[in-house]
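K.L.:
Any chance you can model this:
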Amino acid sequence: MRPTVHDPCCQFDRQTRAYAEYRVFFGLTTASAGPTTVSVTLGREPGDAASGGQNTVCAIQLTTLNGEILEVRATEHHPYPAIDRATELMQAKLQDHDPDRRM
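P.N.:
Residues are numbered from 1 along each chain as shown. Predicted structure coming up:
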């Protein structure tokens, strides 16, 4: 599994895109649900004055081995916390989705 990072409007530098790839890869490699494809999309949306007028949005979409599609989205003032938060949300979603943990 290698995450594909999308930056449709070319708003983020190479280091930020590499961080997203690294963080998502290592955050999801232990998932027993077995993601087969992972897509990370970075973008910006209007924010408050404290964020300089813009927030970063990180959306993660993955497909599991059985073909199910899971999605999460996180919005933060800075790209790295948005990437971290989206990864944490996906980890939690995968844990809830894990059939071995269901009763």
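
K.L.:
Check which helix or strand the residue nearest the centre of the chain maps to.
P.N.:
For the chain, I60 is the residue whose C-alpha lies nearest the centre (C-alpha atoms, centre = their mean; 3.5 Å). I60 is located in strand 54-64, with elements delineated by DSSP states H and E.

K.L.:
how far is the helix or strand just after that strand from where the chain is centred?
P.N.:
Proceeding C-terminally, strand 54-64 gives way to strand 69-76 as the next helix or strand, assigned by DSSP H and E. The chain centre lies 6 Å from the centre of strand 69-76; the measure is C-alpha atoms, centre = their mean, to the nearest Å.

K.L.:
report the angle between the axes of strand 69-76 and strand 54-64?
P.N.:
160 degrees (axes from the mean of the first three to the mean of the last three C-alpha atoms, to 10 degrees).

K.L.:
So C9: helix, strand or coil?
P.N.:
coil (DSSP: H, G, I helix; E, B strand; the rest coil).

K.L.:
likewise A20?
P.N.:
Per three-state DSSP, A20 ends up helix.

K.L.:
my guess is it meets V40, correct?
P.N.:
Yes - the pair A20 and V40 passes the contact test of C-beta atoms under 8 Å, sitting 5.0 Å apart. For every residue, glycine as well, the C-beta is placed using N, CA and C.

K.L.:
re earlier: tell me who's in contact with the residue nearest to the centre of the chain.
P.N.:
By C-beta atoms under 8 Å, 6 or more residues apart in numbering, the contact list for I60 reads V24, V38, S39, V40, T41, E71, V72, R73, A86, T87, L89, M90.

K.L.:
same question, R85
P.N.:
Contacts of R85 (C-beta under 8 Å, 6+ apart): C58, A74, E76.

K.L.:
Highest neighbour count among the residues you listed?
P.N.:
Of all the contacts of R85, the highest neighbour tally under other C-beta atoms under 10 Å goes to C58, namely 27 neighbours.

K.L.:
ok, residues contacting the helix or strand bottoming out on mean pLDDT in the chain?
P.N.:
Ranked by mean pLDDT, DSSP states H and E, the helix or strand of the chain with the weakest confidence is strand 35-46, at a mean of 89. Residues outside strand 35-46 that contact it (C-beta under 8 Å, 6+ apart) are 1-9, 11-12, 16-17, 20-21, 24-25, 28, 53-65, 75, 79, 82-83, 86, 94.
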